[in-house]
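**Student:** Quick one: sequence and predicted model below, then my questions.
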Amino acid sequence: MNLSTPLTDYPRAKRYLPKLEKLGIRTVRDLLYHLPTRYDDFSRVRPVATLVPGEPCTVRGTVASITARRAWRNQRMVIVDALLSDKTGSVRVIWFNQPYLVNTLKPGTEVSVAGNPSAKTGALLFLNPAYETAAVSPSHTARIIPVYPQTKGLTSRGIRYLVKPLLEETYEDPLPNTIREEAHLPDINEALQSAHFPANGKEAEWARHRFVFEELFIFQLYQNLRRRRFLNLSAHPVPKDDAYLDQFIRALPFGLTASQQQVRKEVERDMEREHPMHRLLQGDVGSGKTVIASLAALLAARAGFQSALMAPTEVLAVQHFKTVMDLFPGFEGSIALLTSSQVRLWYGEGLVREIKRRELAERIADGSIPVVIGTHALIQKYVSFGRLALVVIDEQHRFGVEQRAALLRRSSSGGKSASGEQYRTPHLLSMTATPIPRSLALTIWSDLDVSYLTELPKGRKRILTYVVPPAKRAGAYEFIRKEVREGRQVFVICPRIEKADDAGTDVKTVTEEYETLSKQVFPDLRVALLHGKLKSKEKNGVMKAFAEGETDILVATSVVEVGVDVPNATIMLIEGSEHFGLAQLYQLRGRVGRGEHQSYCLLFTDSSVPSTVKRLELVAKARSGLELAEQDLRLRGPGEFFGTTQTGMPDLAMKAVRNPAIVKQAGFFAAKLLDEDPKLEQYPLLRANIKHLIAEIREA
């Protein structure tokens, strides 16, 4: 056995393969790196006479009697009732739905049971404890017991059964000895044993630290290699032309903020170089990211090149198309819109016409259209750019890693372009309005340079935010009615589209809330429904009607978090606000406050838990998305910002981002190793691990 051995070659695993597949476990490495989430300490072995209610322990004794019966209220439930005796006394033990135990633990069998003794019935008993016969070395009792992420049909007990024999093998360590020694980390075999079956809590924590470091280290190696490879590619240098851009900037209906000016300079400096820009632009909703991207596209067009802007939704792509037309009417080139349902071309001076998809593709390929704005349609096979020099990806974490890479390959796959010129890699500007903590951004996107827009345009009014308990709900509805009478519009956001099996009864669904508001609370107002399961054409129709003032209240899921700009909307009401992350609440709030009128955000909650209310009040007081995101990171962890699909970062490493010291340490050693061996020729196991990571990212 080695770490890359598929579990199909492991006899013990054969009956569990479908369950393991559900957990993403396919190889020995996957199984051994499926670390416990917590541990139960059953190391204290107590005689029956000394049992203490609620104190975890193990009891060793002999089965005096054991029977099975069906519960009288639920005939499908089988109750196994046993009496376990030692020299000091007897204790009752009950298991549910495990009838086979009557044959496994026959009277006279020596057995250990581990759990928390309960005194609810008056006498002490164990309910559903772990157990094992005395004939085997302990895996489930009389020690610190690992508890794993599990799935239906594969419990922690089953995972322990699979893991224990594998720990008897010896595995080659992917971490170089020098790095392990310098970072004071245990070797892989010691760490695996300590992670799965530790002697104490300190040992378990130290082993976990080693694997967190390893995953961060490999991820940082991957990001560093990407960055170095990217910097070695050739790009079209786009010369700076301040006089050209200044004429557009002077015509804007607003002045650029200081941070916009700063970021503009950073982008222009990057684009002047002969290797591609690789920059992430982060800024709150309304901070002016589109203006920066548009100025970069105008600069590329001035130099005779093309730009492509890809947005995650058709609504957002159309909004960008309209924004660029409105902000830069003096642009003399043409701008195309390409989505799954819309193909349009702007000629300047407000002239827009429909164009056949094939004709547009031909004009993009020959380089005659300088700016193309679209959705995933931009990465379809029929789209090829003639002189692509700039790629802008909006809300980039909403695209898979491969989708982002596909747009860059539109003009960098080798050979020659339609215009006969050698392909070069486009400059890349990624944008996001999601407030991401700096520590998380610098870890996930360490291959990118990061710029921040830290100011909103002058004159923008602060959005007044209130946490609304049930007692004040009626008053809030009256306030909404007053705003609508004055011509304003309202967003109502719900956590879910439909009830989920694991959701509590208090989780509001968008369909339920739409029915309640449209028929009971506001039957006299125009209420519309929007969620992700609607067809694209329906969604666009609903949003268009709301944007044009034909709807008073839009009841939606967080689908509106991206791509909805309705200046006349002044109220953002969020139902079940405790079910959202702080950063997401902040971004949703930013969908209002885009016009001249005072705007409000109402955080509805039925929770009276002080910590929940306090958490929501952080949003009410927040002036900065970044500040709030840092607090969200501390409270909920990085997994709540994105999943592995968007970032490519392994789960264990994601959870570790809250510890900046280990992130910094892993990054330091990754950079140091690549300085010494840029191709990792001396470290085949590290290369294999990076390939494994890349495969996981592509699969996600």
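**Tutor:** Perfect, thanks for sending it. Numbering: from 1, shown residues only.
**Student:** So for stretch 365-372, first residue to last residue, what's the gap.
**Tutor:** Across stretch 365-372, the terminal residues are separated by 11 Å (C-alpha to C-alpha, to the nearest Å).
**Student:** Same question for it: list its buried residues.
**Tutor:** Under the neighbour-count criterion of 16 or more other C-beta atoms under 10 Å, stretch 365-372 has 365, 367, 369, 370, 371, 372 buried. From N, CA and C alone the C-beta is placed, and that goes for glycine too.
**Student:** Let's see which of the residues you listed end up in strands.
**Tutor:** Assigned to strands by DSSP state E, the following of the buried residues of stretch 365-372 qualify: 371, 372.
**Student:** now the buried residues of stretch 365-372 as a markdown table including distance to residue 554?
**Tutor:** Formatted as a markdown table, the buried residues of stretch 365-372 follow (distance: C-beta to C-beta, whole Å):
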| residue | distance to residue 554 |
| --- | --- |
| 365 | 39 |
| 367 | 40 |
| 369 | 34 |
| 370 | 35 |
| 371 | 30 |
| 372 | 30 |
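**Student:** Could you work out the most separated pair of the buried residues of stretch 365-372?
**Tutor:** 365 and 371 (15.0 Å; C-beta to C-beta).
**Student:** quick check, nearest of the buried residues of stretch 365-372 to residue 105?
**Tutor:** When the buried residues of stretch 365-372 are compared against residue 105 (criterion: C-beta to C-beta), the nearest one is residue 372, at 70.2 Å.
**Student:** for the closest one, which residues make a bridge with it?
**Tutor:** Under DSSP bridges, the beta-bridge partners of residue 372 are residue 308, residue 336.
**Student:** Centroid-wise, who is the farthest residue in this structure?
**Tutor:** Using C-alpha atoms, centre = their mean, the residue of the chain lying farthest from its centre is residue 87. It sits 54.7 Å away.
**Student:** what sits against that residue?
**Tutor:** By C-beta atoms under 8 Å, 6 or more residues apart in numbering, residue 87 lies in contact with residue 47.
**Student:** what about 10 Å?
**Tutor:** Taking C-beta atoms under 10 Å, 6 or more residues apart in numbering as the criterion, residue 87 is in contact with 47, 48, 49, 61, 62.
**Student:** Okay, and which of the residues you listed map to strands?
**Tutor:** 61, 62.
**Student:** Mind checking which of the contacts of residue 87 are buried?
**Tutor:** Going by neighbour count (16+ other C-beta under 10 Å), those have 48, 61, 62 buried.
**Student:** what's the closest non-adjacent residue to the first one?
**Tutor:** The reference is to residue 48. Distance criterion C-beta to C-beta, 6 or more residues apart in numbering; nearest residue to residue 48, sequence neighbours excluded, is residue 89 at 4.1 Å.
**Student:** Quick check: that neighbour touching residue 46?
**Tutor:** No. If you go by C-beta atoms under 10 Å, residue 89 and residue 46 don't touch, sitting 11.1 Å apart.
**Student:** Nearest to residue 625 among the buried ones among the contacts of residue 87?
**Tutor:** Nearest to residue 625 among these, with distances taken as C-beta to C-beta, is residue 48, at 58.1 Å.
**Student:** Spit out the contact partners of the closest one.
**Tutor:** Residue 48 neighbours (C-beta under 10 Å, 6+ apart): 59-61, 84-91, 117, 124.
**Student:** what's the answer for residue 607, then?
**Tutor:** With C-beta under 10 Å, 6+ apart, residue 607 has these contacts: 467, 469, 470, 506, 576, 577, 578, 579, 613, 615, 616.
**Student:** Can you tell me which of those residues has the most neighbours?
**Tutor:** Of all the contacts of residue 607, residue 577 has the most neighbours under the rule other C-beta atoms under 10 Å, reaching 27 neighbours.
**Student:** which ones are touching that one?
**Tutor:** 467-468, 493, 495, 508, 584-585, 588, 601-607, 612, 615-616, 619.
**Student:** can you rerun that using 6 Å?
**Tutor:** 603, 605, 616 (C-beta atoms under 6 Å, 6 or more residues apart in numbering).
**Student:** Wait, the second one touches residue 578, no?
**Tutor:** To tie it back to what came earlier, the one meant is residue 605. Yes. With contact defined as C-beta atoms under 6 Å, residue 605 and residue 578 form a contacting pair (5.1 Å).
**Student:** Residue 567: helix or strand, and which one exactly?
**Tutor:** Assigned by DSSP states H and E, residue 567 falls within no helix or strand.
**Student:** quick one: contacts for it?
**Tutor:** Here residue 567 is in contact with 594, 595 (criterion: C-beta under 6 Å, 6+ apart).
**Student:** could you redo the last one with a cut-off of 10 Å?
**Tutor:** Contacts of residue 567 (C-beta under 10 Å, 6+ apart): 489, 547, 592, 593, 594, 595, 596, 597, 599.
**Student:** where's the closest residue to residue 521 other than its chain neighbours relative to residue 553, distance?
**Tutor:** In space, and not counting its chain neighbours, residue 521 is closest to residue 477: 5.7 Å by C-beta to C-beta, 6+ apart. The spacing between residue 477 and residue 553, counted by C-beta to C-beta, to the nearest Å, is 11 Å.
**Student:** what residues are shared contacts of those two?
**Tutor:** With C-beta under 10 Å, 6+ apart, residue 477 and residue 553 have common neighbours 517, 521, 522, 573.
**Student:** coming back round to it: what are the buried residues along the helix or strand that contains the residue nearest to residue 521?
**Tutor:** Assessed by DSSP H and E, residue 477 sits inside helix 473-485. For helix 473-485, burial by neighbour count (16+ other C-beta under 10 Å) applies to 476, 479, 480, 481, 483, 484.
**Student:** circling back: quick check: the farthest pair among the contacts of residue 87?
**Tutor:** 49 and 62 (15.3 Å).
**Student:** Test for you: state the pLDDT assigned to residue 440.
**Tutor:** On pLDDT, residue 440 comes in at 69.
**Student:** Comparing residue 89 and residue 46, which shows the higher neighbour count?
**Tutor:** residue 46 (17 against 14).
**Student:** State the distance from residue 230 to residue 428.
**Tutor:** For residue 230, the distance to residue 428 - C-beta to C-beta - is 8 Å.
**Student:** With pLDDT and distance to residue 177 as new columns, can the buried ones among the contacts of residue 87 be given to me in CSV?
**Tutor:** Converted to CSV, those look like this (pLDDT from 0 to 100; distance: C-beta to C-beta, whole Å):
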residue, pLDDT, distance to residue 177
48, 95, 50
61, 95, 47
62, 96, 50
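**Student:** quick one: which of those residues is nearest residue 221?
**Tutor:** Checking those one by one against residue 221 (C-beta to C-beta), the nearest turns out to be residue 61, at 52.5 Å.
**Student:** Leaving out sequence neighbours, find the closest residue to that closest one.
**Tutor:** With C-beta to C-beta, 6+ apart, the residue lying closest to residue 61 is residue 86, at 3.9 Å.
**Student:** and that neighbour, bridged to which residues?
**Tutor:** residue 89.
**Student:** Ok, residue 6 next?
**Tutor:** Under the criterion used (DSSP bridges), residue 6 bridges to residue 27.
**Student:** do the same with residue 428
**Tutor:** With DSSP bridges as the rule, residue 428 is bridged to residue 278, residue 391.
**Student:** Tell me how this structure divides into domains.
**Tutor:** 1-39+154-171, 44-116+124-142, 242-272+288-432, 464-623 (automatic domain parsing).
**Student:** Looking at the ones you listed, spot the one closest to residue 208.
**Tutor:** domain 1-39+154-171 (6.4 Å).
**Student:** Report the separation between the two terminal residues of that closest one.
**Tutor:** End-to-end distance of domain 1-39+154-171: 8 Å, with C-alpha to C-alpha as the criterion.
**Student:** how far does that domain sit from the chain's center?
**Tutor:** Centroid separation for domain 1-39+154-171 versus its chain: 26 Å, with C-alpha atoms, centre = their mean, to the nearest Å.
**Student:** I am finished for the moment; much appreciated.
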